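Asks: Return atomic coordinates for the entry below.
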Amino acid sequence: MLRTLSLILPVLVPSWRFFKSVEPSPRVQWALVADGSPTDWREFRPGPAVVTPFEMLMRLFWNPARNDALFLVSLAERIVQNPTPHSINEVNKRILADLAPDQVSTGQSVQFRLVFVSRNGEARSEEVLYVSEPVKGGAK
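Replies: Numbering: from 1, shown residues only. As a prediction, this is how the structure comes out:
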């Protein structure tokens, strides 16, 4: 019985010591490209500014949007370490799926980049880690 309890206990009370260190994860930003290079970078799926206690409780049981956001972070980390066509295509697919058809006009492309955002006191800096190739807006 004690052996069974020792196997079940780590599942019920997880240890957070499996993190070697807590570091910032790359943020995904996207922009429309018409002629030349993009200028208006926007954060892709920014998190909510405020989450109510009820929303927190509900998220314990049903939170597909957060699961997809965590998958996106995982894709971004993979791209920073070793870009693969699969990871890049998955990010592009999600960005294009979120855009309304009228947001991308004919001749425009969509491009994404991965950035680390850090703060030093009040100063905020962004380090661009990866910039994708532009993808035609209609190619979903």
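
Asks: what's the spacing between residue 47 and residue 61?
Replies: Going from residue 47 to residue 61 by C-beta to C-beta, to the nearest Å gives 19 Å. In short, each C-beta sits where N, CA and C put it, glycine included.

Asks: which one of those two has more residues nearby?
Replies: Neighbour totals were compared for residue 47 and residue 61, and residue 47 leads with 9 against 6 (other C-beta atoms under 10 Å).

Asks: got the contact list for the more buried one?
Replies: Neighbouring residues of residue 47 by C-beta atoms under 8 Å, 6 or more residues apart in numbering: residue 69.

Asks: For it, which three-state class applies?
Replies: Residue 47 falls in the coil class when you classify it by DSSP: H, G, I helix; E, B strand; the rest coil.

Asks: Am I right that residue 117 sits in a strand?
Replies: Yes: the assignment for residue 117 (three-state DSSP) places it in a strand.

Asks: isn't it right up against residue 125?
Replies: Yes: with the criterion set as C-beta atoms under 8 Å, residue 117 and residue 125 qualify as a contacting pair; they are 7.5 Å apart.

Asks: So the two - more neighbours on which side?
Replies: A direct count of neighbours by other C-beta under 10 Å for residue 117 and residue 125 places residue 117 higher, at 14 against 10.
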